[in-house]
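Visitor: Predicted model, plus sequence, below.
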2 protein chains.
Amino acid sequence: MSTESEPPKVQEEVDSSSQSISKKAAKKEAAKKAKEERRKEAEAAASAASALSIEEEGPLANNYGDVPLQELQSVNDPQTGKWSEAVSGREWTEVGALNGSLKDQEVLIRGRVHTTRPVGNKLAFVVVRERVSTVQCLATVKPDSVSKEMVRFVRSLSNESIVDVIGVVSVPDVEIKGATQQVEVQIKKLYCVSRAAKTPITIEDASRSEAEIEKASKEGVQLPRVNQDTRLNNRVIDIRTLANQGIFRIQSQVGNIFRQFLLSENFVEIHTPKLIAGSSEGGSAVFRLDYKGQSACLAQSPQLHKQMSICGDFGRVFETGPVFRAEDSYTHRHLCEFTGLDVEMEIKKHYSEVMDIVDCLFVTIFDSLNNVCKKELEAVAKQYPFEPLKYKPKTLRLTFEEGVQMLKDAGVEIDPLGDLNTESERKLGQLVLEKYGTEFYILHRYPLAVRPFYTMPCHDNSLYSNSFDVFIRGEEIISGAQRIHIPEFLAERAQACGIDVKTISTYIDSFRYGAPPHGGFGVGLERVVMLFCGLNNIRKTSLYPRDPLRIAP
Amino acid sequence: MSTESEPPKVQEEVDSSSQSISKKAAKKEAAKKAKEERRKEAEAAASAASALSIEEEGPLANNYGDVPLQELQSVNDPQTGKWSEAVSGREWTEVGALNGSLKDQEVLIRGRVHTTRPVGNKLAFVVVRERVSTVQCLATVKPDSVSKEMVRFVRSLSNESIVDVIGVVSVPDVEIKGATQQVEVQIKKLYCVSRAAKTPITIEDASRSEAEIEKASKEGVQLPRVNQDTRLNNRVIDIRTLANQGIFRIQSQVGNIFRQFLLSENFVEIHTPKLIAGSSEGGSAVFRLDYKGQSACLAQSPQLHKQMSICGDFGRVFETGPVFRAEDSYTHRHLCEFTGLDVEMEIKKHYSEVMDIVDCLFVTIFDSLNNVCKKELEAVAKQYPFEPLKYKPKTLRLTFEEGVQMLKDAGVEIDPLGDLNTESERKLGQLVLEKYGTEFYILHRYPLAVRPFYTMPCHDNSLYSNSFDVFIRGEEIISGAQRIHIPEFLAERAQACGIDVKTISTYIDSFRYGAPPHGGFGVGLERVVMLFCGLNNIRKTSLYPRDPLRIAP
């Protein structure tokens, strides 16, 4: 388990290291107090609830109440107890599966109390939510099933509590606006499985779009805006929103299609070590640690090991796994730990073979998201509106020189043998969209000087290299290249780049025993999801993000 | 890149920390020298080769030689050059696809020189290997295509060099014993793409089974035995063996089926952070590091975060990713870094729902391996013979009490409320095999005292818990349980287990805002492959293993 630690605030794009210690300490103290209070509230709520549930005696008293722990487990070898009696033989229906075809049937559902609304003494509405679906349930006093006390119990349920509801499906004449399912459940029995303490943020607030807040503001109503940091500090509640349920299902699908496509193209999945001897790619940007008395670091990429696997005759390999960067980057697109999608493959003739894979792979991913994740994409767009990504069935490829010319023609002067900065990448994205109608394209033949030493130079012009970057909506998501597979040449290039060849001899030696021409690329999973959905911050697509100021929860 | 580091020797099951420093230093020095010599050899070989290839002038001189780097890249915009001329328009045929249906056709193949054999001056055999397939190729002097010099060039090729061969497929009358493909290629042209230095271990030696060594020994011949450490030090060569090509393709398939099965059961794939604040599960067995000034460690399991994801309404989640254990375990079954397959899910009624998933999941994996990986399993069995795993379509479940009784009946006395040690686990595996005919079974209702504090006790007897282990061939591969989802009860259990509740408050707080009953399990990918294939060491199923003495390559 992680020990308690108050996560420090992240200010986007800004270094907050100037924040004074005493201020931090005060905040910490305040946070602790608030936590303690929440805990007390929770205990009070729990005891109040159990008090309520034993208030009534009589034939209807068994139709509701908190489920004691024993009864949650007593189904398979039943003992006496109202819950097991009520529930044991039944199957749960998913909230998302409730529809008119179930009219007049009795169902059992489990979900969270999304909201409750009392109407007088004899009626209570409770909207029950299961993942992305919600259904309106009604408890009305009825002589044979629902007592006044039961309605009171239903009204007492705190939001986010988990309940089992047994009731009859009905189809109202009017549209139900406050729930996804267009049926109601007439409650006969209701049991609370887990009672929630008062949440520090509400799902309603956390689900609100910027447009809604602004619209209300124009009408003079200030609706709460839950900022990124508060969300992340309360991630276990925040990820329950419709948008987040969508984002992480989309992420799961990207990983799935990535692998399915590559497996179908005869790639082998590998798992390379994250614990690396020495100090990785010579950089300051690695996390260092002590490994049984040896100095070690966390892998910044599986570069060395995926190339070794090609030299080890796997032909085509891929890996999905964590990648660690200790960089002090406080931007909207950098994390200290992210999920790398890495590919490496033998090249038979030309590095365009690698770009062919990128092309088909990503078009397949995009097509699949648009087909399979419609509901999830709608959920995301509802809170964070975005235009569907514009891409072509066959991905546009431009050379770096062509890109530079386009920028030049548009009046942007850049070094033709230097790298593109974020701004010129964005500008080029715009130009490409205007000229070619796509927001997804490959830029290749980068200047050799701006690529790592192991990048293969172009045979016809050694100022350029067999390398490429791939862009979505003007932002880079993929970097790839043909690698140098000839050890002597690799050493020569390392030296030319000012690298001490001795420090990378393990790497160079990997190519001494016969190495096929090969290349590959790396993608950040979180960036793919962020840019496909047009989101503004990579922290939105990382389940538990890590950045220079955040290592919790 | 990893910096150079001589990996220390691993002695299985033995602590070698007593090895003297001076001895180590001497070894290191010797290794360095050997390395330097290998490098020189390689350079000599390379220059000898290029000398050879320019020796001849005449019409046949273009039919062979080393391919210069430029020519390897000059295909898409051709320049003059013998390789591009010979190869540019062609497609490669996979060695594994060579069969009688291609008789008399000209093919182009790329592969490694597995072996060469000269016969007089005018004939040379070369066996070309691509991944798991080999084919016999012949270079015979012919006036219109193959010169004497060319035959000499073919004979000069070092093993493991990579070549492009153009030739005509023929079908000999007799069985070919030295290659997998039952055709021959009559060489017309042959180009060396990458020349290999003399390898420190040969594929032939590394591919030999223990039985072959013993058989030869009885006949008075001492064949080299490549030990585990030498293999791992030269992994880039070692993984080229048929058995290793099989092992890691099987591993890839296990991961694939694991995910496909779970996705089809509505699980969502998640990626949880490996960088954790504080010191993880309170243990000494964590790798610690400095995270931007905060103390941090590497996750020993995704336990906290997968449970948080359930509290965050993902319903059912899984993850495949690295897991870090700093334990000083020198056994055949422990690694410091391995690939964890983790599952967590809501439980509706009973923890048997989790065992149902384990049951179907693993039977699906085993069935799929037996169906899809026949060739790979044969490759492994050829070097490391094993009996196919015995398992049932519906997995056997025994309670811990039943297991204890079986051991008791067999005369093994063990503490009925203690844990099983490795020896009694093995013994029970034997007894179960004899009685039920299966080597794969689930043992559940473990004593509460031997499980982590967050394990849900049995409702009918709090000496036992809703937990299970799963065994293959008498060794544990899976641990799982229902977790306590009630924060107050969790705190109580932590306290009872002597854990300072304050240190795990983040964990406990995750359950305060409504938590569904849930459970899950974790599996080690390398163990699954090791035990399915009956291998004797987990280092055989980890591509680049990490143990207390090894952090390279």
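Guide: Received the coordinates, thanks.
Visitor: State the number of residues packed around residue A:415.
Guide: 11 (other C-beta atoms under 10 Å in any protein chain shown). (Each C-beta comes from the backbone N, C-alpha and C, glycine too.)
Visitor: For the residue nearest to residue A:181 when sequence neighbours are not counted, give me its contacts.
Guide: For residue A:181, ignoring the flanking residues on the chain, the nearest one in space by C-beta to C-beta, 6 or more residues apart in numbering or on different chains is residue A:135 at 4.2 Å. By C-beta atoms under 8 Å, 6 or more residues apart in numbering or on different chains, the contact list for residue A:135 reads A:95, A:98, A:109, A:111, A:127-128, A:179-181, A:183-185.
Visitor: Tell me which entries of the residues you listed lie within strands.
Guide: A:109, A:111, A:127-128, A:184-185 (DSSP state E).
Visitor: from those residues, which is closest to chain B?
Guide: residue A:111 (9.3 Å; C-beta to the nearest C-beta).
Visitor: The closest one pairs with what?
Guide: residue A:163 (DSSP bridges).
Visitor: Contacts only, for it.
Guide: Neighbouring residues of residue A:111 by C-beta under 8 Å, 6+ apart: A:95, A:128-130, A:135, A:162-163, A:165.
Visitor: 7 Å instead?
Guide: By C-beta atoms under 7 Å, 6 or more residues apart in numbering or on different chains, the residues touching residue A:111 are A:95, A:128-130, A:163.
Visitor: Check residue A:32 and give its pLDDT.
Guide: For residue A:32, the model assigns a pLDDT of 61.
Visitor: now swap in residue A:39 and tell me
Guide: The model's pLDDT for residue A:39 equals 56.
Visitor: which residues does the residue nearest to residue A:181 bridge with?
Guide: Going by DSSP bridges, residue A:135 is paired in beta bridges with residue A:128.
Visitor: Now do it, the pLDDT please.
Guide: 98.
Visitor: From residue A:171, how far off is it?
Guide: Using C-beta to C-beta, to the nearest Å, one obtains 12 Å as the distance from residue A:135 to residue A:171.
Visitor: which residues are common contacts for those two?
Guide: Common contact partners of residue A:135 and residue A:171 (C-beta under 7 Å, 6+ apart): residue A:183.
Visitor: picking that back up, which members of the ones in strands among the contacts of residue A:135 are the farthest-apart pair?
Guide: Using C-beta to C-beta, the pair of those lying farthest apart is A:111 and A:184, separated by 14.3 Å.
Visitor: Residue A:387 - how many residues pack around it?
Guide: Neighbours of residue A:387 (other C-beta under 10 Å): 9.
Visitor: Find the residue closest to it in space, skipping its chain neighbours.
Guide: Leaving aside its sequence neighbours, residue A:387 sits nearest to residue A:534 (C-beta to C-beta, 6+ apart; 6.8 Å).
Visitor: swap in residue A:346?
Guide: Using C-beta to C-beta, 6+ apart, the nearest residue to residue A:346 is residue A:516, at 4.6 Å.
Visitor: State the phi and psi torsions of that neighbour.
Guide: Here is the backbone geometry of residue A:516 (degrees, to the nearest 10): phi -80, psi 150.
Visitor: does residue A:119 have beta-bridge partners, and which?
Guide: residue A:123.
Visitor: Roughly how far does it sit from residue A:138?
Guide: Distance from residue A:119 to residue A:138, by C-beta to C-beta: 9 Å.
Visitor: Quickly list what's touching both of the two.
Guide: Shared contacts of residue A:119 and residue A:138, defined by C-beta under 7 Å, 6+ apart, comprise residue A:125.
Visitor: can you list the contacts of residue A:135 in TSV and add pLDDT?
Guide: Listed next are the contacts of residue A:135 as TSV, based on pLDDT from 0 to 100:
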residue	pLDDT
A:95	97
A:98	98
A:109	96
A:111	97
A:127	97
A:128	98
A:179	94
A:180	94
A:181	96
A:183	98
A:184	97
A:185	98
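Visitor: May I see these organised as TSV, with distance to residue B:312 added?
Guide: Shown next, in TSV, are the contacts of residue A:135 (distance: C-beta to C-beta, whole Å):
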residue	distance to residue B:312
A:95	17
A:98	23
A:109	19
A:111	14
A:127	19
A:128	17
A:179	21
A:180	19
A:181	22
A:183	26
A:184	27
A:185	25
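Visitor: for those, which one is nearest residue A:423?
Guide: Residue A:423 lies nearest to residue A:180 out of those, by C-beta to C-beta, at 42.0 Å.
Visitor: how long is stretch A:390-410 end to end?
Guide: Stretch A:390-410 stretches 22 Å from its first residue to its last (C-alpha to C-alpha, to the nearest Å).
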